[in-house]
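K.L.:
My questions are about this predicted structure, shown below with the sequence.
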Amino acid sequence: MREQTHTYSQTTRIRRLFASIVNSYDRLNRLMSLGRDQAWRRYAVMQCQLPRGGWLLDVATGTGDIALQARCQYPEATIVGIDLTPEMMRRAREKSTIIAGKPPLFLGGDALSLPFPDDRFDAVISGFLMRNVADVTRVLAEQRRVVRPGGRVVCLEIIRLQAGLVRWLFWLYFHGLAPLLGGLFSGQLTAYMYLPRSVDRFLTADELRTAMEAVGLRQVSYHLLMLGIVAVHVGVK
């Protein structure tokens, strides 16, 4: 697995990047995933297997799609979402006003240093976070730390593919059409050029499973979606 280091400048750059695309973020997620991204989130949230009245942490909640999906699936749970980008969380809070039940709690926080005590949550989930951090191992270790023994860590991510036709077609889409669409609809071409680069330097599904095992998670497995482009990993503390 590639060694990765964290820098303050990278955190600042990522925060500014996502702040610049907040107005088009949800619409482009739907467009660029061919309308499948919400189904991926639903599946990932199901893997949390929260007990009745359980606690769920959504790391890098963004505009809150995973947290809001969790509210629908687990109406009696306490849902907490954290993110580095205030602009994203403002949008998440706006969206939470139109759903039934107690809204998720959205807080500022860094995935590299979660502001919670050990063993606090029944499950921790992240969606499309890992490609944007400089130290995957540290982020996973933090998620394991705050989940209770027997609880689950769930990771939804676009992964780096091995050689093959799907990888070639995916490369053409993500390096050609996806940045073009992102730039056209958001006016932020540079931000959407970052997306394919982040996938190119990320881990394969097997490498991510190894990383989860390395921080002490057990029974780590993954399920591939969208012809193997997207993976949902699950590990148990």
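P.N.:
In hand now; what should we look at?
K.L.:
so where do the helices sit in this protein?
P.N.:
Secondary structure of the chain, counting by DSSP state H: helices at 8-20, 25-32, 37-46, 65-73, 86-96, 136-146, 165-172, 178-186, 189-200, 205-214.
K.L.:
so can I have JSON lines of these showing mean pLDDT, distance to Val59 and mean neighbour count?
P.N.:
(C-beta placed from N, C-alpha, C; glycine too.) JSON lines is the format used below for the helices of the chain (pLDDT from 0 to 100; distance: least, Cβ to Cβ, whole Å; neighbours: other Cβ atoms under 10 Å):
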{"stretch": "helix 8-20", "mean pLDDT": "73", "distance to Val59": "14", "mean neighbour count": "14"}
{"stretch": "helix 25-32", "mean pLDDT": "80", "distance to Val59": "17", "mean neighbour count": "17"}
{"stretch": "helix 37-46", "mean pLDDT": "96", "distance to Val59": "12", "mean neighbour count": "19"}
{"stretch": "helix 65-73", "mean pLDDT": "96", "distance to Val59": "9", "mean neighbour count": "23"}
{"stretch": "helix 86-96", "mean pLDDT": "93", "distance to Val59": "13", "mean neighbour count": "18"}
{"stretch": "helix 136-146", "mean pLDDT": "98", "distance to Val59": "6", "mean neighbour count": "21"}
{"stretch": "helix 165-172", "mean pLDDT": "65", "distance to Val59": "25", "mean neighbour count": "13"}
{"stretch": "helix 178-186", "mean pLDDT": "65", "distance to Val59": "23", "mean neighbour count": "17"}
{"stretch": "helix 189-200", "mean pLDDT": "68", "distance to Val59": "17", "mean neighbour count": "16"}
{"stretch": "helix 205-214", "mean pLDDT": "97", "distance to Val59": "14", "mean neighbour count": "18"}
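K.L.:
Output the ones you listed in CSV, with distance to Met130 appended to each entry.
P.N.:
Formatted as CSV, the helices of the chain follow (distance: least, Cβ to Cβ, whole Å):
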stretch, distance to Met130
helix 8-20, 12
helix 25-32, 17
helix 37-46, 13
helix 65-73, 14
helix 86-96, 17
helix 136-146, 5
helix 165-172, 18
helix 178-186, 19
helix 189-200, 9
helix 205-214, 7
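K.L.:
So for Asp119, which of those helices sits nearest?
P.N.:
Asp119 lies closest to helix 136-146 among these, at 7.2 Å (Cβ to Cβ).
K.L.:
and the spatially most central residue of the chain, what are its bridge partners?
P.N.:
Geometric centre of the chain, nearest residue: Gly127, 1.7 Å, by Cα atoms, centre = their mean. Beta-bridge partners for Gly127, by DSSP bridges, are Leu156.
K.L.:
I figured it was touching Ile66, is that so?
P.N.:
Yes. Using Cβ atoms under 8 Å, Gly127 is in contact with Ile66, at 4.9 Å.
K.L.:
Quickly list what's touching both of those two.
P.N.:
41, 44, 58, 156 (Cβ atoms under 8 Å, 6 or more residues apart in numbering).
K.L.:
Now flag whichever of those residues is closest to Val146.
P.N.:
Using Cβ to Cβ, Asp58 is the member of these that lies nearest Val146, at 12.1 Å.
K.L.:
can you tell me which residues contact that closest one?
P.N.:
By Cβ under 8 Å, 6+ apart, the neighbours of Asp58 are 64, 66-67, 70, 79-82, 104, 125-127.
K.L.:
Right, I'll leave it there.
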